[in-house]
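Visitor: here's my sequence, what's the structure:
(one chain, ligands or ions: 2)
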Amino acid sequence: MSASSFRLLVKNATQVVLVCRNGEEYLTRDGMQTLAVVENGSVLIGHDGLIKAVGPADIIESQFKGAKFDNVLDASGMCVIPGLVDAHTHPVWAGDRVHEFAMKLAGATYMEVHEAGGGIHFTVAHTRSATERQLLDGLQSRLERMMRAGTTLVECKSGYGLELDTELKMLRVINSARNSLPIGISATYCGAHAVPKGKTMEEATQDIVAVQLPKIKTQIASGELQVDNIDVFCEKGVFDLNSTRCILKAGKDMGLNINFHGDELHPMNSAHLGAELGALAISHLEEVTDDGITAMAKAKTSAVLLPTTAYILRLSPPRARDMLDAGVIVALGSDFNPNAYCCSMPMVMHLACVLMKMSMPEALAASTINAAYALNRSQTHGSLEIGKQGDLVIINAPRWEHLVYQFGGHQELIRYVIIKGEIVYENDKFYYHG
Ligand SMILES: N=CN[C@@H](CCC(=O)O)C(=O)O
Ligand SMILES: [Zn+2]
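Guide: Ligands and ions are numbered 1, 2, ... in the order given. Predicted coordinates:
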């Protein structure tokens, strides 16, 4: 091959986990059992940030003899996996809720706290009065923390404003983070995260459909905002099925992907609604019915499961095995929010394995290709294949499964995080205890 130049060569990794190798948009149960892995492999990333070659180290070495590389990382003894994708977070807010964690540990339920004016309402009050700069500072440090834990693409929701100005403020903050940090962002408008104090559900629905969405549409058209998805918290005492349908349809009509909270605390028929509307994803699903599972499998509506929430709220975990057996596309998310303060997808994968009985390959596929599918990004993210974005995590361990197995050990295990072929995090304090 003629001499050419590239941004990054990662060579001689003990394992390169491709996840899949045939351009799959997602994996269902059978495809998740044995992920595509190259032993002693290399990955080459071009100046455009895209993967140019991935495969056995000796083949890549001879194929690219004489080529120039801006950067070469010798990954001998280490493993490479695709950058992790976190398909569900609420990272823009002010005011922590550590006091509510104490209440919940003492026995209060999520809805008891919410109905007493705490929970989302507490965060809404603090987020409304925070400045855009304060919110951006908080968001940036949370996203950097996620990046250090291996996340390279993350879904970020608004939803602590519940009125036009604050929802727009949150979406602008997400936009600024997109422009100032290397991490990939999928932005979600979640103005229907709760019914604001002083309004009925019907009034809140009307405000979203007639006031908030049209304004957001104008700002998307003018290029002021980039918004990818629409979300509603479809739950008893929050938004019922009809209001949810009305809001999601209005969002879909303006080109947003439907990606909403459903069947979390009560069976709401959210899964049927998502399938009916062609939703790309429904999150939570702790209370989904068997029929709902069947409907999601048929519609290829992915299930974004959030083991941190079930763990913290001591709920029965979502039925991942039943969903996988029925052919549902299962993805994972951290659900980072003031209730579930977890920025780490490796910890989410561990919880998914232990609490939801997923295998480690299933958990990795759910945190890469399937999470990318939930965000409509699996053409560009979620696996190490030629032409996809060069987002990688290099783990200082001889098998990739250590990242899941060593619960809370990701900070020591992750050696490099790479986005578009650039090192965005280098850990020089790494070590490996076998
Ligand atoms: N369930 C609704 N929304 C969030 C919690 C948000 C909050 O409590 O602030 C969730 O996905 O867990
Ligand atoms: Zn959520």
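
Visitor: could you list the contact residues of the chain toward ligand 1?
Guide: On the criterion CB under 6 Å from any ligand atom, ligand 1 has as its neighbours in the chain the residues 90, 119-120, 123, 233, 261, 264, 309, 335, 337-340. Where you see a C-beta, it was placed from the backbone N, CA and C, and this is true even at glycine.

Visitor: tell me which two of those sit farthest apart.
Guide: Taking every pair in the residues of the chain next to ligand 1 and measuring CB to CB, the maximum separation is 17.2 Å, between Thr123 and Glu264.

Visitor: helices of the stretch 251-400 of the chain, residue ranges please.
Guide: Ranges of helices within the stretch 251-400 of the chain are 270-277, 290-299, 307-313, 320-325, 345-356, 360-366, 369-374, based on DSSP state H, counting those that start in this stretch.

Visitor: buried residues, the fifth one. List them.
Guide: Spelled out, that is helix 345-356. Buried residues in helix 345-356, counted by 16 or more other CB atoms under 10 Å: 345-353, 355-356.

Visitor: before we move on, what about the first one?
Guide: Of all the residues in helix 270-277, those buried under the rule 16+ other CB under 10 Å are 270-275, 277.

Visitor: could you tell me the angle between that helix and helix 290-299?
Guide: Relative orientation of helix 270-277 with respect to helix 290-299: 30 degrees, computed using axes from the mean of the first three to the mean of the last three CA atoms, to 10 degrees.

Visitor: contacting residues around helix 270-277?
Guide: By CB atoms under 8 Å, 6 or more residues apart in numbering, the residues outside helix 270-277 that reach it are 234, 241, 244-245, 248-249, 252, 258, 260-263, 279, 281-282, 285, 288-289, 291-293, 295-296, 298-299, 301.

Visitor: what subset of the residues you listed is buried?
Guide: Among the contacts of helix 270-277, the ones that count as buried (16+ other CB under 10 Å) are 234, 244-245, 248, 258, 260-263, 279, 281-282, 285, 288-289, 292-293, 295-296, 299, 301.

Visitor: follow-up on the earlier one: now render the buried residues of helix 270-277 as a markdown table, adding pLDDT.
Guide: Conversion of the buried residues of helix 270-277 to a markdown table gives the following (pLDDT from 0 to 100):
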| residue | pLDDT |
| --- | --- |
| Ser270 | 98 |
| Ala271 | 98 |
| His272 | 98 |
| Leu273 | 98 |
| Gly274 | 98 |
| Ala275 | 98 |
| Leu277 | 98 |
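
Visitor: quick check, nearest of the buried residues of helix 345-356 to ligand 1?
Guide: Distance ranking of these against ligand 1, using CB to the nearest ligand atom, places Val348 first at 13.0 Å.

Visitor: quickly list the domain ranges of this structure.
Guide: The chain is divided into the following domains under automatic domain parsing: 5-82+384-426, 84-374.

Visitor: which of those has the highest mean neighbour count?
Guide: Across the domains of the chain, averaging neighbours per residue (mean count of other CB atoms under 10 Å) puts domain 84-374 on top, at a mean of 21.

Visitor: endpoints of that one, how far apart?
Guide: Across domain 84-374, the straight-line distance between its terminal residues is 13 Å, by CA to CA, to the nearest Å.

Visitor: cool, and stretch 100-119?
Guide: Its start and end residues considered, stretch 100-119 measures 8 Å (CA to CA).

Visitor: list phi and psi for the nearest residue to Lys420 once chain neighbours are set aside.
Guide: With sequence-adjacent residues excluded and distances taken as CB to CB, 6 or more residues apart in numbering, Lys420 is closest to Gly49, at 2.9 Å. Backbone dihedrals for Gly49, given as degrees, to the nearest 10, come out at phi 80, psi 10.

Visitor: residue contacts, Gly49?
Guide: Contacts for Gly49 (CB under 8 Å, 6+ apart) come out as 7, 389-390, 419-422.

Visitor: just Met296 next, same as before
Guide: 271, 274-275, 282, 288, 302-303, 323, 328.

Visitor: for ligand 1, state which of those residues is nearest.
Guide: Comparing these against ligand 1 with CB to the nearest ligand atom places Ile282 closest, at 11.6 Å.

Visitor: who does the closest one bridge with?
Guide: The bridge-partner assignment for Ile282, based on DSSP bridges, gives Phe260, Ala303.

Visitor: and the residue of the stretch 1-150 of the chain found nearest ligand 1, what does it touch?
Guide: Going by CB to the nearest ligand atom, ligand 1 is nearest to Ile120 of the stretch 1-150 of the chain, at 4.6 Å. Contacts were defined as CB under 8 Å, 6+ apart; by that measure Ile120 touches 114, 159-160, 193-194.

Visitor: narrow those residues to those in helices?
Guide: If you go by DSSP state H, the contacts of Ile120 have His114 in helices.

Visitor: grab the nearest non-local neighbour of Ala299.
Guide: Residue nearest to Ala299 in three dimensions, not counting chain neighbours: Ala275, with 3.7 Å by CB to CB, 6+ apart.
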